[in-house]
Structure formats: C-alpha cells, structure tokens
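Chemist: can't give you the sequence, but here's the structure:
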C-alpha cells in the first residue's frame, strides 16, 4: 500500500471511466438512474385532472404546450382535508355579491357603450347588481316596437310571401292580429300556475292562485295567494261553465276504481269537451253522455278510464296534482285491457279507448307502449273495416241518412286518421296506410232557420266543420307523407284566422304550415336551392327558402297570438308541434348573417309555452331538454341559464309519479335529422344535455374542491 510523505496511507482515487462512457449528469447522478422530478407543493387544475406532472409555474409547461389557460385552486388538497366538515370558509352573502359583480362586469364588456353607461348610472343610484344582470342578459329578447308595427304591413310586393298572401289570404294571413300597445313581452315570457314558496325555496312548496275548489279526493282546500297582481291573460281559469247539465247526473264510481269525486270528474270532462275533444272527436258527445248515464251501449269501463287518463293530463294545467291522477287512470285502463283483451268484443268503444291509451302513452313518453297500442288499433281497424285499400271505393253516397252506429264509425275513423297523420309528421314515418272508407262526416249537415238555431246547434255545426276541414287537410298530408316516407278545396270563412276565432281553428292553421315546413326543409339543404324557382309562382324569388320563411313568419304570428289571447287551460299537447317547429326554425336564424335578434324572444316564448304543458306531460320535459341541448351546441345559451331553466321544468313536473320508460322516438332537431337522424331524436339530445350538466357540475366541484 502506498504511503504519503508523512507515513500515512494515501487516499486511493476511483478508477477512471472508460472513454465510451459519459461522465456524470448535470444533476450529479449517474445516467442509469431515472431523473427525479423537482417537488412542487401544488399542481394546476388541468394537470391534476389529467394526472400529468406539473412544474408549479404560474403557467406550467404542460398547459403552455397545449395552449390552454393554466389555473390553480385557491386551496390545496392538503389544506382542504384539514378543514373540519361544515366549516364556512367565506361569507355566503359576500360570495354571492362578488359573483353577481363578476357577472355584471363580464356582461358590461359585451354590451354597447350606451347600455354600459346606463347600467353604471343605475349602479350609482343604488340599483341591485343582480337585477341589472338580469335586465342586460335579456336585452333584445323582446321584439322592438318598430318590428311589431311592421308586422301589420305586407311584405315586399315582389316577394313570394306577398304573392302567397294575395292568392291564399286564409292560409297566409296579412298583418298581425296583435296590437303593439297590448303586447307586454314580460307577461308573455312568464308562465303562471305553479310557484315555489319564496320563503322556503328548498321545501319546494307549490301554490296556485287563490281558488277554492273540491280536490279530486273530496277534501275541501283553500290554496294560498301568490302573484295576485299578475295579468289575467296568463292567469289560470277553470272551465267557464258546466259543459252539459247531464254531467251532474253521472256517478263516476260506477265506471272506475280510481277514487275521484263526482265534482272532479265534472271539471275534468267540462274542460276536456271544451278544449281537447274538437281536435280529436272520437265520438259524438251526446252519444257518449247518454252511454255514461246508461241510456245506450256506447260506453265501457275501459273507455271511461282511458278517456280520464288523457283528460286529466289536460286538467293538470289547472291543478298539477291531476297529472298523478291521470297516471292512475292510465294504469287502471292498462289492467282492464290486459284482463279483458281476449274476451272484450271488438267495438268502436274499444277502438276509442285504445286511441286514448295510445296518445296518453305518447304524452308520458312511453315509446314501447305507444307502439303497442298503435299496432292493436291497426288490427282492430281492419276488423271494424274503418279503412281499406285505395282500390276500394267508399261505401254509400253520404253519412247523413246512415244509422247512429254508422255515423259513429265514420266519425271515429276520420278522427283517428287525422290524429295519426299528425303523429306521422312528428315521428317521420307513415302510421296509416290508407284513409278511411267512409265519406267525410259533416258534409251534408245544415242549420235550420236562424231564429230556431240553439247554442248546441252552433257548437255541433262548428265542430262538424272543424272535423271536415281537418280531414281534407289530412288527406293532402297523407299523400305528401306517402311520397316523402315511402309506401306503408278552400277552407270555409268561419275557420279563417280572425280576432274572435276559436283556438281549434288556429291549431288547424298550424298543421298546414307544419306540413309546408316539412315539405320545404329538405329542399333548402340541396345545392342550388337558392336559385331553384318554383314554377307555380310568379315571383322571381319563389325558391324553397322563401316558402319556408313565409310559413315560419306565419307560425311566429300564430304562436304569439295563441299565447297572448287564450288562457293556459286551453293549451293542448296538440299544438306543441308548432312550438317544436318554431323553436327549430328560429335557432336556424342564428346562423344567418344579418338576421335580426328576435329569434331569442321566440325561442323563449316556445319554452314558456312548453312550461305550461309540462305539468301534465312528461314528454315535454324531454323535448325541452333537447331544445336546450341544441341551444347549447349553437353557443346561444350559457350552461348556467340552461340549467336554471331545466330546474324550473323539473320543479313543475315533480308531482308526476311516472316511472322512467323507453322514450318515444320523436325527432326534435328537425334540421339535424336530414344529415344525422340518430342524433336528432329526443333520447339522444336529452342524454347529451344531461351529460353536459354532469360535466359542468364536475368542473365546478373541481374548482370548489
């Protein structure tokens, strides 16, 4: 062993490394060992979510590389876990105030200079920031007075819409039926009927305007008063009078096991016969009332339960609890049909009951049951010979001299045909193969001398005319659907739109424009459609876009007039199609350069009308989810606003005790259906909305965690 000069052992040096081996790394560690990542006390939100290595810089390298905003939680996980549960870290009122101020600041960045100055002036006078946010957020929602005034003026003389108005003044009404001075957009965009107790929102206590009434189960109630100053236009009102005095003699307990009072049954039937029955007149009212009293055989327990299942959903616009009673009737009718299906004779009473069960299942969104009852109705229609091939001529020359049962068969056949033709447009498939064999009822109905005409005669004459014109329109739609979906006369003046027309008449006008939109929509997506001229018209602008736009304008006028004029108990599921088509159309206006911003008002108007229908019909909630999903995808609505709207719909439908079922295959995104049909159905869009909400809550949880 070598020694140094002092006689001590010399320190040995390590052997030199071979030439082909690099020296130590910069950090002092040999190459074979993995480089240790520097320790950081916290990671950014994005790296934490993706479990990436974060370097803890203000803008970390991972976020810088991906080009995204780098954000950090205010409280780290380690600190957050040490905080006892239930501890309030910040003052809630102060946090809410700061959030409102932040919202107001973000809105002020987007409004015009004049609006921003007006808002600042209001802030200096002590206005609430939350109210200012709401006012600025909904700016431009209502149509301007100038645009309302211009609605009374005809369009340009050389336009296609002007030509349509001149040649078809009944279908294309000239001007607006609404006076600008009478239009209050705030009232139009509010829905009455169901309110949440403002003193305890979490309890979700529902109240209805002061209205003493006998509850469905015979308990006298007096509900609290909310919003007594609201407009009578949107106020709830039960049927104005007893529909028929014979209802007072009906003992409903003889026909159903559902425990309702006779008073409730009278209210439900009075509203049904006034609102719904003229749109789907499956039977003559007098014929049915006599059967309900036991004076003829046109009645059955199955028919009564099925009718009340449908009619109670309509009555839910007056009393929301009626929706649960409607479901009880629906379950009772299903039990009766399952028990007596094999032994029940095939009669028009049974056929009517199946139609009521079918539309009720549709309203509940029960797609499988809806399809099932449609199939059973089709089989029964063949047995009853209600419809036949187009090679078979209708029997007889008229209905006027036929027996009461033949009259009843003809009326039911055409009422079902009209209803299923409308459903065919919504479901985008042919449900009815052939029209009824019978001539259209009511063609030979005449009124007597004017001084001998009773109110009942006027009602029968009006409803017969409504059925006749609806049937004529359905025949045209049936031929159109046969061309579009493959194999499977001028209206009378009392059915023209006017300031005193019945709401059933407006529904008929809606159907016409829905058919035009169905026909023109595919043409507007074809290449060269802007220069495609439609030969029957003289205008040099007669292309599919112009026809489509003309019907959209008419729908806007109809829906606005319907909402402005008729009370909410007259809102029917039969007119929801107009809301669906109009909401789709105005969402398309967002993409049109230079288009006005009134689409926002009409979209909100459709949602407000849907809110009224939501009390009784579960399907409406799914449709609204789908429409909100479409608005979110277009970026015209914020996630927070959409969630708040949907929460309101959920509150209004909370009283329904209906189990979840496979949804009806209803197309909601009518324009997406032309390119991606599977993504346009209600179940796909509603699921997309729910996923967006879940994702949004997870992001909020990550930020607050």
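Modeler: Cool, got the structure. Keep in mind it's a predicted model, so treat the numbers as computed, not measured.
Chemist: Just list the residues touching residue 502, thanks.
Modeler: Each residue near residue 502 by C-beta atoms under 8 Å, 6 or more residues apart in numbering is listed here: 278, 462. (Glycine included, C-beta is placed from N, CA and C.)
Chemist: Can you give me the distance of it to residue 663?
Modeler: Taking C-beta to C-beta, to the nearest Å as the criterion, residue 502 is separated from residue 663 by 33 Å.
Chemist: Repeat that for residue 517.
Modeler: Per C-beta to C-beta, residue 517 is found 23 Å from residue 663.
Chemist: can you check residue 105 too?
Modeler: Distance of residue 105 to residue 663, given as C-beta to C-beta: 41 Å.
Chemist: So if I had to pick from those two, which one is more boxed in?
Modeler: Neighbour comparison, residue 105 and residue 663: the larger count goes to residue 663, with 20 against 11 (by other C-beta atoms under 10 Å).
Chemist: looking at this, the more buried one is in a helix?
Modeler: No - going by DSSP: H, G, I helix; E, B strand; the rest coil, the assignment for residue 663 is coil, not a helix.
Chemist: Check it and give its pLDDT.
Modeler: In this model, residue 663 is scored at 70, pLDDT.
Chemist: can you tell me which residues contact it?
Modeler: Contacts for residue 663 (C-beta under 8 Å, 6+ apart) come out as 365, 367, 619, 622, 682, 683, 686.
Chemist: Low-confidence ranges, the stretch 51-200 of the chain, go.
Modeler: Counting by pLDDT under 70, the stretch 51-200 of the chain contains low-confidence residues at 74-98, 110-111, 135-158, 170, 174-200.
Chemist: can you do 80?
Modeler: For the stretch 51-200 of the chain, residues meeting the criterion pLDDT under 80 lie at 67, 72-115, 118, 126-200.
Chemist: Was I right to think residue 318 contacts residue 270?
Modeler: No - between residue 318 and residue 270 there is no contact under C-beta atoms under 8 Å: 10.7 Å.
Chemist: Of these two, which one has the most company?
Modeler: Taking other C-beta under 10 Å, residue 318 and residue 270 do not tie; residue 318 has more neighbours (23 against 20).
Chemist: does that one count as helix, strand or coil?
Modeler: coil.
Chemist: what do you get for residue 440?
Modeler: coil.
Chemist: so where is the stretch 551-700 of the chain shaky, pLDDT-wise?
Modeler: 565-575, 591-598, 615-616, 651-665, 692-700.
Chemist: Do me a favour and get the backbone dihedrals for residue 9.
Modeler: Note on residue 9: its backbone torsions stand at phi -60, psi 140 [degrees, to the nearest 10].
Chemist: partner residues bridging it?
Modeler: With DSSP bridges as the criterion, residue 9 is bridged to residue 3.
Chemist: nearest spatial neighbour of residue 249, skipping sequence neighbours?
Modeler: Spatial nearest neighbour of residue 249, chain neighbours left out: residue 293 (6.0 Å); criterion: C-beta to C-beta, 6 or more residues apart in numbering.
Chemist: Name the nearest residue to residue 625, sequence neighbours excluded.
Modeler: Closest residue to residue 625 apart from its sequence neighbours, by C-beta to C-beta, 6+ apart: residue 686 at 4.1 Å.
Chemist: Tell me which helix or strand that neighbour sits in.
Modeler: Counting by DSSP states H and E, the element that carries residue 686 is helix 682-704.
Chemist: Could you check how many residues crowd around the residue nearest to residue 625?
Modeler: A total of 22 residues lie near residue 686 under the criterion other C-beta under 10 Å.
Chemist: And the strands in the chain?
Modeler: Taking DSSP state E as the test, the strands found in the chain are 195-196, 206-207, 213-214, 220-221.
Chemist: for the last one, what is the average pLDDT?
Modeler: I take that to be strand 220-221. 30.
Chemist: Equivalent analysis for the third one, please.
Modeler: Strand 213-214 shows a mean pLDDT of 30 in the predicted model.
Chemist: what do you get for stretch 256-264?
Modeler: Per-residue pLDDT over stretch 256-264 has a mean of 91.
Chemist: mind checking the end-to-end distance for it?
Modeler: Using C-alpha to C-alpha, to the nearest Å, the end-to-end distance of stretch 256-264 comes to 13 Å.
Chemist: in that stretch, what's buried?
Modeler: 256, 258, 260, 261, 262, 264 (16 or more other C-beta atoms under 10 Å).
Chemist: go on, stretch 460-474?
Modeler: 460-471, 473-474.
Chemist: Tabulate those residues in a markdown table, adding columns for distance to residue 63.
Modeler: A markdown table is the format used below for the buried residues of stretch 460-474 (distance: C-beta to C-beta, whole Å):
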| residue | distance to residue 63 |
| --- | --- |
| 460 | 74 |
| 461 | 74 |
| 462 | 69 |
| 463 | 68 |
| 464 | 72 |
| 465 | 69 |
| 466 | 65 |
| 467 | 67 |
| 468 | 69 |
| 469 | 65 |
| 470 | 62 |
| 471 | 65 |
| 473 | 60 |
| 474 | 60 |
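Chemist: quick one: pLDDT of residue 252?
Modeler: As predicted, residue 252 sits at a pLDDT of 91.
Chemist: Next: residue 528.
Modeler: Residue 528 carries a pLDDT value of 68.
Chemist: can you count the residues close to residue 305?
Modeler: Applying other C-beta under 10 Å, we find 26 other residues in the vicinity of residue 305.
Chemist: how far away is it from residue 246?
Modeler: Counting by C-beta to C-beta, the gap from residue 305 to residue 246 is 20 Å.
Chemist: that older thread, just list the residues touching the residue nearest to residue 625, thanks.
Modeler: By C-beta under 8 Å, 6+ apart, the contact set of residue 686 is 622, 625, 626, 629, 663.
Chemist: can you do 7 Å?
Modeler: Applying C-beta atoms under 7 Å, 6 or more residues apart in numbering, we find residue 686 in contact with 622, 625, 626, 629.
Chemist: hang on, isn't the first one packed against residue 682?
Modeler: Yes - under the criterion of C-beta atoms under 7 Å, residue 622 lies in contact with residue 682, with a separation of 5.1 Å.
Chemist: In the chain, which helix is the longest?
Modeler: Taking DSSP state H as the criterion, the chain has its longest helix at helix 455-485.
Chemist: If you count contacts, what does that helix end up packed against?
Modeler: Identification of packing neighbours for helix 455-485 by 3 or more C-beta pairs under 7 Å, 6 or more residues apart in numbering; DSSP states H and E yields helix 404-427, helix 503-524.
Chemist: contacts for the first one?
Modeler: With contact meaning C-beta under 7 Å, 6+ apart, helix 404-427 is reached by 280-284, 287, 298, 348, 351-352, 355, 384, 386-387, 399, 430-432, 435-436, 438, 440-441, 467, 470-471, 474, 477-478, 481, 511, 514-515, 518, 577, 665-666.
Chemist: hmm, try it at 6 Å
Modeler: Outside helix 404-427, the residues that touch it by C-beta atoms under 6 Å, 6 or more residues apart in numbering are 280-282, 348, 355, 386, 399, 430-432, 435-436, 438, 441, 470-471, 474, 477-478, 481, 518, 577.
Chemist: what inclination does that helix have with respect to helix 503-524?
Modeler: With axes from the mean of the first three to the mean of the last three C-alpha atoms, to 10 degrees defining the directions, helix 404-427 sits at 40 degrees from helix 503-524.
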